[in-house]
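Participant: need the 3D shape of this:
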Amino acid sequence: MINPKAAPCDEATIRSIPLAANCIASQKRWVLLATVLASSITYIDESVVNIAQPAIEGNLATSVAVIQWLVNAYTLCLSALLLTGGAAADQFGRRKMFVIGIVLFAVASLWCGFAPSVVQLILARAMQGFGAAILIPCSLALIGASFDEEERGKAIGTWAGVSAIAVASGPLLGGLIVDHFSWRLIFLINPLLAVPTIWIVYNHVPESQGPEVTGRLDWTGAVLALLGLTGVCFGLIAAPEFGLIDIKVFSPLAVGLVLLCFFIWLEGHSDTPMLPLDLFRSRTFSAVNLLTLLLYAALGDAFFFLPFALIQVGGYSAVLAGAVFLPFTIVMGLLSRWSGGLIDRIGARLPLIIGPTITALGFGLLAICVGRDAYWTFLAAMVVLGLGMAASVAPLTTTVINAVPAHQTGAASGVNNAVASLAGLLAVALFGAVALGIYGRGLERRLQAPAASVELSQIIESARGQFVTAPPAAMSTAVDRQLAARFIKGSLAESIRDIMLLAGILALGAAASGALLPRRAQPTSGPG
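Facilitator: Here you go, the predicted structure:
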């Protein structure tokens, strides 16, 4: 291949027009490789953390609420700062910010692996979210800048597909590590991928940035978004323990919502907003982001609870729990490039109706699987789920980027990724509260059984708020221990089944959003 240093792109030209018109084919392949590797870092981390959740909860003897924060500390920073990351990519250089994001994520991963306490683990996860908020939008912005509209659909399909294949081993690897070593080792995978990615970027990826560079970022908006989302999440996570009308719940919820409203107002009056509201004047852009919100809320909801369904309810090992995700990632990897080309042939509307509908069917099948002793049914459900997401992701992402002018691809991808991340954030907080409520009511109903003793009630009471419970005290009878295990497992299965059905309803809502797209959503050079 030709070394880009020997045939560099003109810097002034890069700053004024899309990179795709200036760069040779070999550079495009290097861009695609670098973005695939970098995206794999975040996807592997997310998938293995999901598998490790039960082990972390049990090992640290903590509650579901703390595990929710382990996930939400990451997604909170990711959601609030993705828009800033996208704007920074356009303003300060996509390659430069891309490398900064990779370095932050790798350092934070090392901190996670060696964190001596739960508090430090949560803080390190927040730092990971900060790095991902820069890395993710820069990945898509580099692709958007390097490939013209005719090539972009297949390029994004390749990015989605190869990334899926690269991380297919993530859950399985995470399960092996959790079963045979320590959950801490799962965080040490990321730095191994970061080093070659940075080398590729510095040697083969040219710099690019948008032409409308102001040199300023909307830090006020970023802080408002971060504080507002923190308040909302804190209130939702605390609600099962204290109730919605408790001051410890109502106050952060109210303050968070007020701050988010002020954030929206500020973005509409800012000269350099992190959330350019004018993007939403495009019907296509608005509809596809609504679809993203609903679809990724469903996915975040289901994937948070699936490891608990497999390990705590089904009794499967972490390795088998991780293997359940393989059909999903393999199907996406095999079909994403094909689905990326669909938008060029038939437009975005039909794939973005059919894809979420198939995904909803997958969630329904998962609901049926929970509590049944048939491992293969989970695999079949994940195949269906993979088919639905494969038909959705590449057309969705391509539609977002094609709906805006070339110089706003960083901002557009930042908005869409922020919406996807926000969806997962709110899903874990909101549906975590719903699941705990269903779980608690299930325990109470089962305790009404005539066989329930005082000792059994005490065992059940100690299980409230926890999906991974400590072994009952030795002083309890064998009958009480068996009943407690059955009651806890039955209540947990009931709550997870209902959550999977709610995920299916959200996916159907996403399909309805797809119907709002124009009947033939052709790529455009600007909003419309």
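
Participant: now do the one helix or strand Val49 maps to: distance to the chain's middle.
Facilitator: Following DSSP states H and E, one finds Val49 within helix 25-59. On the basis of CA atoms, centre = their mean, to the nearest Å, helix 25-59 sits 11 Å off its chain's mean C-alpha point.

Participant: do stretch 220-240 as well
Facilitator: That offset, for stretch 220-240, works out to 17 Å (CA atoms, centre = their mean).

Participant: returning to that earlier point: packing partners of the next helix or strand after the helix holding Val49?
Facilitator: Counting by DSSP H and E, the next helix or strand C-terminal to helix 25-59 is helix 64-92. For helix 64-92, the packing partners by 3 or more CB pairs under 8 Å, 6 or more residues apart in numbering; DSSP states H and E come out as helix 25-59, helix 94-114, helix 118-146, helix 219-242, helix 409-446. Yep, even glycine has a C-beta here, placed from its N, CA and C like the rest.

Participant: deepest in the core, which of the ones you listed is it.
Facilitator: Greatest average neighbour count among the helices and strands packed on helix 64-92 goes to helix 118-146 (a mean of 25), per mean count of other CB atoms under 10 Å.

Participant: by how many degrees do it and helix 64-92 diverge?
Facilitator: If you take axes from the mean of the first three to the mean of the last three CA atoms, to 10 degrees, helix 118-146 sits at 30 degrees to helix 64-92.

Participant: shaky segments in the stretch 201-350 of the chain?
Facilitator: 206, 208-216, 240-241, 244, 336-337, 339-344 (pLDDT under 70).

Participant: what ranges do the helices span in it?
Facilitator: For the stretch 201-350 of the chain, the helices defined by DSSP state H, counting those that start in this stretch occupy 219-242, 247-269, 283-308, 318-323, 326-340, 342-346.

Participant: among the ones you listed, which is nearest Gly157?
Facilitator: helix 326-340 (2.0 Å; CB to CB).

Participant: quick one, the closest one and helix 25-59 angle?
Facilitator: Using the same axes, to 10 degrees, helix 326-340 lies at 150 degrees relative to helix 25-59.

Participant: same for helix 326-340, what does it pack against?
Facilitator: helix 149-167, helix 169-180, helix 375-402.

Participant: and if we set it to 6 Å?
Facilitator: If you count contacts as 3 or more CB pairs under 6 Å, 6 or more residues apart in numbering; DSSP states H and E, helix 326-340 packs onto helix 149-167, helix 375-402.

Participant: where among those helices is average confidence lowest?
Facilitator: Lowest mean pLDDT of those: helix 149-167, a mean of 69.

Participant: Gly153 contacts Thr397, doesn't it?
Facilitator: No - using CB atoms under 6 Å, Gly153 is not in contact with Thr397, being 9.2 Å away.

Participant: count the neighbours of the closest residue to Ala418 other than its chain neighbours for me.
Facilitator: Spatial nearest neighbour of Ala418, chain neighbours left out: Leu82 (3.8 Å); criterion: CB to CB, 6 or more residues apart in numbering. By other CB atoms under 10 Å, the residues close to Leu82 number 30.

Participant: residue contacts, Leu82?
Facilitator: 133, 137, 414, 417-418 (CB atoms under 6 Å, 6 or more residues apart in numbering).

Participant: try 10 Å
Facilitator: Contacts for Leu82 (CB atoms under 10 Å, 6 or more residues apart in numbering) come out as 129, 132-137, 222, 225, 274, 413-422.

Participant: likewise Ile136?
Facilitator: 35, 38-39, 42-43, 78, 82, 85-86, 98, 101, 105, 413-414, 416-418, 420-421.

Participant: same check on Cys77?
Facilitator: 108, 125-133, 226, 229-230, 421, 425.

Participant: re the thing from before, can you tell me how far the residue nearest to Ala418 is from Gly131?
Facilitator: 11 Å (CB to CB, to the nearest Å).

Participant: follow-up on the earlier one: deepest in the core, which of the helices and strands packed on helix 326-340 is it.
Facilitator: helix 375-402 (a mean of 24).

Participant: tell me the angle that one makes with helix 118-146.
Facilitator: Here helix 375-402 runs at an angle of 50 degrees relative to helix 118-146 (the same axes, to 10 degrees).

Participant: report the inter-axis angle for helix 375-402 versus helix 283-308.
Facilitator: Calculated by the same axes, to 10 degrees, helix 375-402 forms an angle of 150 degrees with helix 283-308.

Participant: rewinding a little: of all the helices and strands packed on helix 326-340, which one is nearest His269?
Facilitator: Per CB to CB, nearest to His269 of the helices and strands packed on helix 326-340: helix 375-402, 24.8 Å.

Participant: got the contact list for Gly514?
Facilitator: By CB under 10 Å, 6+ apart, the residues touching Gly514 are 287-288, 290-291, 294-295, 348-357, 392, 395-396, 399.

Participant: I meant Ser270, not that one.
Facilitator: Contacts of Ser270 (CB under 10 Å, 6+ apart): 216, 218, 220-221, 276-277.

Participant: of the helices of the stretch 201-350 of the chain, flag the one that's most buried.
Facilitator: The highest mean neighbour count among those, using mean count of other CB under 10 Å, belongs to helix 283-308: a mean of 25.

Participant: run through the neighbouring helices and strands of that one.
Facilitator: The helices and strands touching helix 283-308, judged by 3 or more CB pairs under 10 Å, 6 or more residues apart in numbering; DSSP states H and E, are helix 25-59, helix 64-92, helix 169-180, helix 318-323, helix 351-369, helix 375-402, helix 409-446, helix 478-514.

Participant: so what secondary structure elements neighbour the third one?
Facilitator: Helix 169-180 makes packing contacts with helix 25-59, helix 283-308, helix 318-323, helix 326-340 when contacts are defined by 3+ CB pairs under 10 Å, 6+ apart.

Participant: list the buried ones in it?
Facilitator: 169-178 (16 or more other CB atoms under 10 Å).

Participant: ditto for the fifth one
Facilitator: Residues of helix 351-369 classed as buried: 351-367, 369 (neighbour count, 16+ other CB under 10 Å).

Participant: shaky segments in the stretch 351-500 of the chain?
Facilitator: 406-411, 414, 449-481.

Participant: show me the one of the helices and strands packed on helix 283-308 that comes nearest Gly235.
Facilitator: Gly235 lies closest to helix 409-446 among the helices and strands packed on helix 283-308, at 8.5 Å (CB to CB).

Participant: ok and the closest one relative to helix 25-59, angle-wise?
Facilitator: Using the same axes, to 10 degrees: helix 409-446 against helix 25-59 is 20 degrees.

Participant: helix 409-446 - contacts with which helices or strands?
Facilitator: helix 64-92, helix 94-114, helix 118-146, helix 219-242, helix 283-308, helix 375-402, helix 454-463, helix 478-514.

Participant: okay if I get those helices as a markdown table plus distance to Phe328?
Facilitator: Putting the helices and strands packed on helix 409-446 into a markdown table (distance: least, CB to CB, whole Å) gives the following:
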| stretch | distance to Phe328 |
| --- | --- |
| helix 64-92 | 18 |
| helix 94-114 | 23 |
| helix 118-146 | 20 |
| helix 219-242 | 26 |
| helix 283-308 | 9 |
| helix 375-402 | 4 |
| helix 454-463 | 30 |
| helix 478-514 | 14 |
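
Participant: of all those, which one is nearest Val201?
Facilitator: Per CB to CB, nearest to Val201 of these: helix 94-114, 5.7 Å.

Participant: quick one: average pLDDT of that closest one?
Facilitator: For helix 94-114, mean pLDDT is 88.

Participant: report all helices and strands that it contacts.
Facilitator: By 3+ CB pairs under 10 Å, 6+ apart, helix 94-114 packs against helix 25-59, helix 64-92, helix 118-146, helix 190-204, helix 409-446.

Participant: with distance to Ser491 added, can I get the helices and strands packed on helix 64-92 in JSON lines?
Facilitator: JSON lines is the format used below for those (distance: least, CB to CB, whole Å):
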{"stretch": "helix 25-59", "distance to Ser491": "16"}
{"stretch": "helix 94-114", "distance to Ser491": "31"}
{"stretch": "helix 118-146", "distance to Ser491": "25"}
{"stretch": "helix 219-242", "distance to Ser491": "14"}
{"stretch": "helix 409-446", "distance to Ser491": "3"}
